[in-house]
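Colleague: Got a predicted model here, sequence first, then my questions.
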Amino acid sequence: MDSLTTLMKRKHVASYNLDVQVPKETIEKLLHKTWKATSSKNNFMPYSVHVLGPDKKEEKILVWNKCVAKQQYSEDQAAKEGKIKQAQTIVNPYYNHIKENSYLLIFTARVCDKPTRYVQHSIENGHYAQEMFEDQVNEIITTTSIEVGMFASHLALFCMEHDIDVSYTVCMPTLIKNWRNPPFVKHRPIMLMSLGYGEKYRSQNLQAQGWKPEDDFKPEINKVVNWV
């Protein structure tokens, strides 16, 4: 199977099969493979990937609650500003993958403390390695987020090769003051990614509600790719 066909298998998970967990050894191997495959500016990899396994149910619910609160706050603000008529009165059901999965990955920024010998030589000759300074975390968050996306994309491909489903969320608080719990989140969160064996998918739910595939499809390529 070619990589495009493999990647096209990915669908947003509405619910995972919690009766069958992905073996920890499999996830460890896929994460190691992803780490090897993902490049990084000056080999810093200025992010952490916190892995919550099947036993971390309370922590996952805690993260889910943060996402729900973020959604409600955003929609309340949008309603006040007249951007929408009124905020939703229901919790987005497609957040459920955050609390019910085999594994939840929390990507956060990371302050790097050990440059390569080459980068250390460059530092000694005047290079400014922002990745090594606490006060620069937000300054380089765009670069860090791009690298997180690369890591997540590679991991998704490797997971799909093993028929392991993945889903993503970025709707969450980004201010660290909102992450006093869980305690391992020390720097700005960037993305959530869940892994497991999908039981039901968003597309199936929409179809059951009478929606057609063309009613929920990405923009045409000419809306995204602009030849100049």
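Modeller: Happy to help now that I have it. Numbering: from 1, shown residues only.

Colleague: model confidence over the top helix by length along the chain, on average?
Modeller: In the chain, with assignment by DSSP state H, the single longest helix is helix 57-80. Per-residue pLDDT over helix 57-80 has a mean of 94.

Colleague: Likewise for stretch 155-164?
Modeller: The pLDDT scores in stretch 155-164 average 97.

Colleague: oh, and call the first residue 631 from now on, that's how I've got it
Modeller: Renumbered: residue one is now 631, and that last one reads stretch 785-794.

Colleague: Tell me the gap between it and the middle of its chain.
Modeller: With C-alpha atoms, centre = their mean, to the nearest Å as the basis, stretch 785-794 stands 15 Å off its chain's centre.

Colleague: Tell me the buried residues in that stretch?
Modeller: For stretch 785-794, a neighbour-count test (16 or more other C-beta atoms under 10 Å) marks 785-790, 794 as buried. No exception for glycine: its C-beta is placed from N, CA and C like everyone else's.

Colleague: Quick one: the helices in the chain, in order.
Modeller: Using DSSP H, helices in the chain cover 633-637, 654-667, 687-710, 726-729, 747-754, 771-791, 832-838, 851-854.

Colleague: Please work out which of those helices is packed deepest.
Modeller: Highest mean neighbour count of the helices of the chain: helix 726-729, a mean of 22 (counted as mean count of other C-beta atoms under 10 Å).

Colleague: That one packs against which elements?
Modeller: strand 643-646, helix 687-710, strand 795-799, strand 819-826 (3 or more C-beta pairs under 8 Å, 6 or more residues apart in numbering; DSSP states H and E).
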